[in-house]
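*Asks:* Here is a sequence together with a model predicted from it:
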Number of protein chains: 2
Amino acid sequence: MGADLGRTFERNWDRYLTEWQELLRFPSISAERAHDGDCLACAEWLVRRLAALGFASQLLPTSGKPAVFAERQGAPASPVVLFYGHYDVQPVDPLAEWVSPPFAPAWRDGRLYARGAQDNKGQLLFFLKAVETLRRQGGPMPTVKIVIEGEEESGSVGMLRSLDGWRARLKADVLMVTDTGQVASHAPTIVMGLRGIIHLTAALSGPRHDLHSGVHGGRAPNAAQGMAELVACLHHPDGRVAVAGFYDSVAPPTPRERSLAGQVPFDAAAYESQTGVPPVAGEPEFSPVERVGFRPSVDVNGIHAGFGGEGSKTVIPARAVAKITARLVPAQDPARCLNAIIAHLQAHTPAGLRLEIPEQCAAGGALRLDPDSALVAKAKAVLDALGAGPTAFLWDGASVPVVAALSQVSGAEPLLVGFGREEDRVHAPNESFSREQFRLGFLYAAAMLTAL
Amino acid sequence: MGADLGRTFERNWDRYLTEWQELLRFPSISAERAHDGDCLACAEWLVRRLAALGFASQLLPTSGKPAVFAERQGAPASPVVLFYGHYDVQPVDPLAEWVSPPFAPAWRDGRLYARGAQDNKGQLLFFLKAVETLRRQGGPMPTVKIVIEGEEESGSVGMLRSLDGWRARLKADVLMVTDTGQVASHAPTIVMGLRGIIHLTAALSGPRHDLHSGVHGGRAPNAAQGMAELVACLHHPDGRVAVAGFYDSVAPPTPRERSLAGQVPFDAAAYESQTGVPPVAGEPEFSPVERVGFRPSVDVNGIHAGFGGEGSKTVIPARAVAKITARLVPAQDPARCLNAIIAHLQAHTPAGLRLEIPEQCAAGGALRLDPDSALVAKAKAVLDALGAGPTAFLWDGASVPVVAALSQVSGAEPLLVGFGREEDRVHAPNESFSREQFRLGFLYAAAMLTAL
């Protein structure tokens, strides 16, 4: 079977590449209204492709961009696989840094360069090509449902709002997602966890307008100083989050999880040379890998108040704003954590200043999968058989709120295996994806669907 | 004498007004290079006027705008009076808010409206008119030296650099400054103190570029959080400055100072309705008037780091900047305080972040005058005799570094009496100064010069 699939890939590669380039020519940037028409054209292209593969396919309207939905009956007693992907892409700024235009796919040294080459059009297309192959081979196949949304890069707003209404349609046993990466180039990776995310804006008001710091310094409350105190009080000096109730029912990783996560290579010196900082923030009793994979965090994304230019301007700022996000683990309820942080900020607001929360969003919950489930064992066997290195388990610190929501609505067990790598430069200029990564994705998807 | 002066003022008012308007037509904005020629023209106008008054007058070059210097010998054994003023003015933005153009003086309801009408051209001219009057009357007069700089609104940079070279020329017994205000409309005011000022910029660097808060949150040091902690650690929770050594040798006000300062009307409710905040910051064991008049303060003028837009951007900021000033009292050495604050920031810089101080300036020392000096007693008698309300003593929280420097270089005892009021709106659109204020200033200056 593996050798068969490999030959099929070689025989069809030129055609795959042509289709992949076609898909990449749509500038389907969901964040920019000017590209609404391109998003729709891209979605319609996918509907036609899926129809050609024997799927009942259609556009599902949402409050934003439409989602593509397609379904094909498989063997009678087979499990139902729900595949999730997205056809929208990130903006292309800074355009001047692209070696070739972002929507004119260019082949260089075994890689295809274009916005979306990996995220998510490349990783989406290898799945479709695997489905096509299995269908042509005529072997037994599970029922496959496919949902491809058009707003993942803009928060999946429309889809998240629509999910409840799609409950019956999305019912499935396994939720396959390929929109993820590998921990290293020679380590196919199963993502075992994602963190949830909440965000809020804290605005502190003091004087009606900036005051003269000579006339008022040491007397009038200062919004910039107050915001510094508010942000500082979110953490204990030892790195733990200081918000009351934030860690309620949060448990450390199990010994099994710790052991699997400990196999992910992490080199502090390499981390520092890559990011410019040593991995010294956060809770000291957990390793850097565990802190991101198994522990929640509260992060200030920005603070802005008063004067910021050259030289000196002697003001007591009237207003300060902080943007704050928190990453959550499954034991934490997003809405409860958001309220706990807001209550903490309110309780610590310095005298004479007024706190407002102009924006808040309990965007999405976390995901933690069972490393000993039958599905994970199957996926590991499939990945091991690729011969592309030992399979790694990754508890990812990032958040894909739609995955947790889709899993909950569909009742399906998530399986997150993708072939993204650091060098793909997703979200940056000169995004690319290699023939080799596409091939591995194709082989995995076909083998996994067969195994199911 | 008082009645004589009053009659002289009435007789000459039309001429004073004409000259005042002439002086205000020069757009002598020191901060804007385009007005360099206007500044020079204004300085030359003053040199001619002073020559006409019998002064030996000239331009003194500095590294910036020239200063006007003039001198006229008085009675042989009389004290030497050094008068300080400035001919430059603030910029005029926002221009659209001016009812009449800022450099086309307009007379409305007993007030002259123009940029500089009060600050400092009006308060400077009433002094010159007083000198002119005494000279015409031919009575005994002290030796008068006049220095009028052209960069007060831009930090007096050129003049402060030149002062050492002008030491012999500036030698005097009394330094008269009228560039100050009254504590209330019906209270002629002697300013008894000014705070010194230092400023610095603190820049904190973390990651090489903003990091993804999902991948790195709870692991990578965050420059915005670090800056919040640094700014917060500058104060104890009770409002005292937490910098080691900052209060060294700072003494509380004397009982006499406390009693005089206690006579300045301060109404917390009025303060809150005017500024939008209650006067609750700073050291609780001092009154709001004392906190500003007798106590130093550390003020953050701005903080900027990371994302500040709408919605959410999940970054760990790479860099944060804070602008900080401190107001000092005479016991504090500006350079030592600056070093103490920097050392405090360095000692508290969180692990993994790097602190730099790209800008620092020990701009100027403080001034504290003796309420029981013979000069103050004379000034109080002159002001009481104006019949314009009881004389007040003000320990001002603001800083005019050039006054302390001039006092030190000239060896003269400062006497700061001016007639500015809140409604003059200095530095703002529609600046003005009234005939009544000009008249009080004229009467005070003439009587004071006579008393000396």
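*Replies:* Good, I have the coordinates.
*Asks:* With adjacent residues omitted, what lies nearest to the spatially most central residue of chain A?
*Replies:* With distances taken as C-alpha atoms, centre = their mean, residue A:400 lies nearest the centre of chain A, 3.9 Å away. Computed as C-beta to C-beta, 6 or more residues apart in numbering or on different chains, the closest residue to residue A:400 that is not its neighbour in sequence is residue A:194, at 5.5 Å. Quick note: C-beta positions are derived from backbone N, CA and C, even for glycine.
*Asks:* wait, that neighbour sits on residue A:366?
*Replies:* Yes: applying C-beta atoms under 8 Å, one finds residue A:194 in contact with residue A:366, separated by 6.2 Å.
*Asks:* okay, and the common contacts of those two?
*Replies:* A:399, A:404 (C-beta atoms under 8 Å, 6 or more residues apart in numbering or on different chains).
*Asks:* These two: who's more crowded?
*Replies:* When neighbours are counted by other C-beta atoms under 10 Å in any protein chain shown, residue A:194 comes out ahead of the other of residue A:194 and residue A:366, with 32 against 20.
*Asks:* so what's that one up against?
*Replies:* Here residue A:194 is in contact with A:366, A:367, A:396, A:398, A:399, A:400, A:403, A:404, A:416 (C-beta under 8 Å, 6+ apart).
*Asks:* Read off the pLDDT value for it.
*Replies:* Residue A:194 carries a pLDDT score of 95 in this model.
*Asks:* quick one, domains of chain A?
*Replies:* In the assignment given by automatic domain parsing, the structural domains of chain A cover A:2-194+A:366-451, A:196-257+A:280-364.
*Asks:* Can you tell me which of the ones you listed is nearest to residue B:426?
*Replies:* With C-beta to C-beta, the closest approach to residue B:426 among the domains of chain A belongs to domain A:196-257+A:280-364: 11.0 Å.
*Asks:* Need the distance between the two termini of the closest one.
*Replies:* As for domain A:196-257+A:280-364, its first-to-last residue distance stands at 5 Å under the measure C-alpha to C-alpha, to the nearest Å.
*Asks:* ok, what's across the strand from the closest residue to chain B within the stretch 51-200 of chain A?
*Replies:* Residue of the stretch 51-200 of chain A nearest chain B, by C-beta to the nearest C-beta: residue A:199 (4.0 Å). Legend: beta-bridge partners of residue A:199 under DSSP bridges are residue A:325, residue A:361.
*Asks:* Would you confirm that it contacts residue A:328?
*Replies:* No: counting by C-beta under 8 Å, residue A:199 sits too far from residue A:328 to count as a contact (11.2 Å).
*Asks:* Please say which of the two ends up with more neighbours.
*Replies:* With other C-beta under 10 Å as the criterion, residue A:199 and residue A:328 differ in neighbour count, and residue A:328 comes out ahead with 27 against 21.
*Asks:* tell me the contacts of that one?
*Replies:* The contact partners of residue A:328, by C-beta under 8 Å, 6+ apart, come to A:195, A:196, A:197, A:198, A:296, A:334, A:337, A:365, A:366.
*Asks:* same question, residue A:422
*Replies:* Taking C-beta under 8 Å, 6+ apart, one finds residue A:181 in contact with residue A:422.
*Asks:* most distant residue from the middle of chain A?
*Replies:* Ranked by distance from the centre of chain A (C-alpha atoms, centre = their mean), the top residue is residue A:215, with 49.8 Å.
*Asks:* Apart from its neighbours in sequence, what residue is nearest residue A:395?
*Replies:* Nearest residue to residue A:395, sequence neighbours excluded (C-beta to C-beta, 6+ apart): residue A:293, at 2.9 Å.
*Asks:* mind checking pLDDT for residue A:2?
*Replies:* Among the per-residue scores, residue A:2 shows a pLDDT of 65.
*Asks:* before we move on, what about residue A:61?
*Replies:* As predicted, residue A:61 sits at a pLDDT of 97.
*Asks:* Likewise for residue A:422?
*Replies:* The model reports residue A:422 with a pLDDT of 87.
*Asks:* ok, it to residue B:77 distance?
*Replies:* Residue A:422 sits 86 Å away from residue B:77, taking C-beta to C-beta, to the nearest Å as the criterion.
*Asks:* One more: residue A:389?
*Replies:* From residue A:389 across to residue B:77, the span is 100 Å (C-beta to C-beta).
*Asks:* Compare those two (neighbour count), which wins?
*Replies:* Per other C-beta under 10 Å, whichever of residue A:389 and residue B:77 has more neighbours is residue A:389, with 15 against 7.
*Asks:* Got the phi and psi for the residue nearest to the more buried one when sequence neighbours are not counted?
*Replies:* Spatial nearest neighbour of residue A:389, chain neighbours left out: residue A:186 (3.6 Å); criterion: C-beta to C-beta, 6+ apart. Backbone dihedrals for residue A:186, given as degrees, to the nearest 10, come out at phi -110, psi 40.
*Asks:* just residue A:138 next, same as before
*Replies:* Given degrees, to the nearest 10, the pair of backbone angles that residue A:138 has is phi 80, psi 10.
*Asks:* and it, how far is that from residue A:54?
*Replies:* Between residue A:138 and residue A:54 the distance, using C-beta to C-beta, works out to 12 Å.
*Asks:* And for residue A:347?
*Replies:* When distances are taken as C-beta to C-beta, residue A:347 and residue A:54 turn out to be 60 Å apart.
*Asks:* Quick one: name the residues of the stretch 351-452 of chain A near chain B.
*Replies:* Within the stretch 351-452 of chain A, the positions adjacent to chain B are A:351, A:352, A:353, A:359, A:361, A:363, A:396, A:397, A:398, A:399 by C-beta under 8 Å from any C-beta of the partner chain.
*Asks:* Just the buried ones out of those, please.
*Replies:* Buried by 16 or more other C-beta atoms under 10 Å in any protein chain shown: A:352, A:353, A:361, A:363, A:396, A:397, A:398, A:399, out of these.
*Asks:* which residues does the third one contact?
*Replies:* This means residue A:361. Per C-beta under 8 Å, 6+ apart, neighbours of residue A:361: A:198, A:199, A:200, A:338, B:312.
*Asks:* mind checking pLDDT for it?
*Replies:* The score at residue A:361 is 91. That number is its pLDDT.
*Asks:* any low-confidence regions in chain A?
*Replies:* A:1-2 (pLDDT under 70).
*Asks:* Look up the closest residue to residue A:381, ignoring the ones flanking it.
*Replies:* For residue A:381, the closest residue by C-beta to C-beta, 6+ apart turns out to be residue A:451, at 7.4 Å.
*Asks:* So which residues of the stretch 1-150 of chain A form helices?
*Replies:* Assignment of helices within the stretch 1-150 of chain A using DSSP state H, counting those that start in this stretch yields the ranges A:2-24, A:36-52, A:121-137.
*Asks:* Please list the residues outside the longest one that contact it.
*Replies:* Counting contacts by C-beta under 8 Å, 6+ apart, the residues outside helix A:2-24 that touch it are A:42, A:45-46, A:49, A:103, A:105, A:107, A:112, A:114-117, A:121-122, A:125, A:129, A:133, A:137, A:385, A:435, A:438-439, A:442-443, A:446-447.
*Asks:* Please list only the buried members of the residues you listed.
*Replies:* When neighbours are counted using 16+ other C-beta under 10 Å, the contacts of helix A:2-24 contain these buried positions: A:42, A:45-46, A:49, A:103, A:105, A:112, A:114-117, A:121-122, A:125, A:129, A:133, A:435, A:438-439, A:442-443, A:446-447.
*Asks:* Surely residue A:363 is in contact with residue A:157?
*Replies:* No: Residue A:363 is beyond contact range of residue A:157, at 9.8 Å (criterion: C-beta under 8 Å).
*Asks:* thinking again about what came up before, check contacts around the residue nearest to residue A:381.
*Replies:* Residues counted as contacts of residue A:451 (C-beta under 8 Å, 6+ apart) are A:378, A:381, A:382.
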